[in-house]
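**Student:** Any chance you could fold what I've pasted below:
(chains A, B, C and D)
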There are 2 protein chains.
Amino acid sequence: MNNTRFATAIHILTLLAKAGDEWVSSDWIAGSININPAMVRKEMSVLQNAGLVVGRKGKEGGSKLNLSQSEISLADVYIAVKNSEVLGKKNLHTSAKCPVGKVINKKLDGIFSETDDLVIRSLRKKTLSSFVKQF
Amino acid sequence: MNNTRFATAIHILTLLAKAGDEWVSSDWIAGSININPAMVRKEMSVLQNAGLVVGRKGKEGGSKLNLSQSEISLADVYIAVKNSEVLGKKNLHTSAKCPVGKVINKKLDGIFSETDDLVIRSLRKKTLSSFVKQF
DNA sequence: TTTAATTGTAATATATTTTGTTACAATTAA
DNA sequence: TTAATTGTAACAAAATATATTACAATTAAA
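**Tutor:** Next up is the predicted model:
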């Protein structure tokens, strides 16, 4: 996760949470984060596919939450945006001739997935609701 | 961590652990990982700065562990190589005019560092020794 | 019905990060 | 003295992330 996707997603969801039942435009959100509106819409599209938000086209269009704040956990957000494991990537092409190189990825798998699970279980306990209360 | 540095560092340390008191060349290690020897030396340099390995130049030179296998935790390795937080980067330049944009990074800080700590505490319990035993 | 505003998405461009490569002075053992 | 090796710098290439532009499709409201 050497990118801003989690931070961006949380920022978006926080604004939607605070907007309640209003439709919020990507332009408004982009102004708060200070990124391009098209970037907001791209990430919004991911959050829609995850079932967290809904969008509406056309004049007076925009986005809003699809679930209540307390039904959205930060794990849902993380899972929606994550594109690598916490401990990073493995070296593909390790040597089949070396006893270590031959099997190391299988051994790393355990640690890698255990670490990912740990993070997800921790984020599962945190809700958008409690995050937004801080503001 | 959208890179291979942790996997590479663990691979290196595993080979050194299995080599015992011998000096292992970057060329040999590179062959097992199937990457460029200069890459191995770069990462080795990081592990040296972390106090985990020692190097020797010249003919019959190479690297070996500076501590016993059981004294090296995977957290030591992770800390040595990590260059981003688990949950990624924050958006710098968020709007000072928006009540959310104004303070969100401070609020995210809590979650971000808590998550990093969680991972480190978990890796702290795992030693190079127990990892290497699997081979 | 027309207009204005907005999404969703694709295509392209730019920037940043990661990985790979080459080169070589300094060092060390034999 | 020779041969092998590190440590590091400089540069190149590839992969990933972010930004920008454009526009068809849609929708509310005039």
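**Student:** where does the residue in chain A that DNA strand C sits nearest to land in three-state SS?
**Tutor:** Nearest to DNA strand C, among the residues of chain A, is residue A:55, at 2.4 Å (C-beta to the nearest atom of the strand). All C-beta atoms are positioned from the backbone trio N, CA, C, and that covers glycine. In three-state terms, and counting by DSSP: H, G, I helix; E, B strand; the rest coil, residue A:55 is strand.
**Student:** which ones are touching it?
**Tutor:** Shown in contact with residue A:55 (C-beta atoms under 8 Å, 6 or more residues apart in numbering or on different chains): A:44, A:48, A:61-63.
**Student:** Residue A:70 now?
**Tutor:** So residue A:70 contacts A:127-129 (C-beta under 8 Å, 6+ apart).
**Student:** just residue A:122 next, same as before
**Tutor:** Per C-beta under 8 Å, 6+ apart, neighbours of residue A:122: B:114-115, B:118.
**Student:** all helices of chain A, in order?
**Tutor:** Taking DSSP state H as the test, the helices found in chain A are A:5-19, A:26-33, A:37-49, A:74-81, A:99-124, A:128-133.
**Student:** related to what we said a few turns ago, buried subset of the contacts of residue A:122?
**Tutor:** By neighbour count, with 16 or more other C-beta atoms under 10 Å in any protein chain shown, those hold B:115, B:118 as buried.
**Student:** State the distance from the residue nearest to residue A:35 when sequence neighbours are not counted to residue A:39.
**Tutor:** Excluding the flanking residues, the one nearest residue A:35 by C-beta to C-beta, 6 or more residues apart in numbering or on different chains is residue B:91, at 6.7 Å. According to C-beta to C-beta, to the nearest Å, residue B:91 and residue A:39 sit 10 Å apart.
**Student:** which neighbours do these two share?
**Tutor:** Jointly contacting residue B:91 and residue A:39 under the rule C-beta under 8 Å, 6+ apart are residue A:8.
**Student:** re the thing from before, scan the contacts of residue A:70 and report the most crowded one.
**Tutor:** Within the contacts of residue A:70, neighbour counts (other C-beta atoms under 10 Å in any protein chain shown) peak at residue A:128, which reaches 24 neighbours.
**Student:** in terms of contact, does residue A:40 touch residue A:28 like I think?
**Tutor:** No. Taking C-beta atoms under 8 Å as the definition, residue A:40 is not a contact partner of residue A:28, at 9.1 Å.
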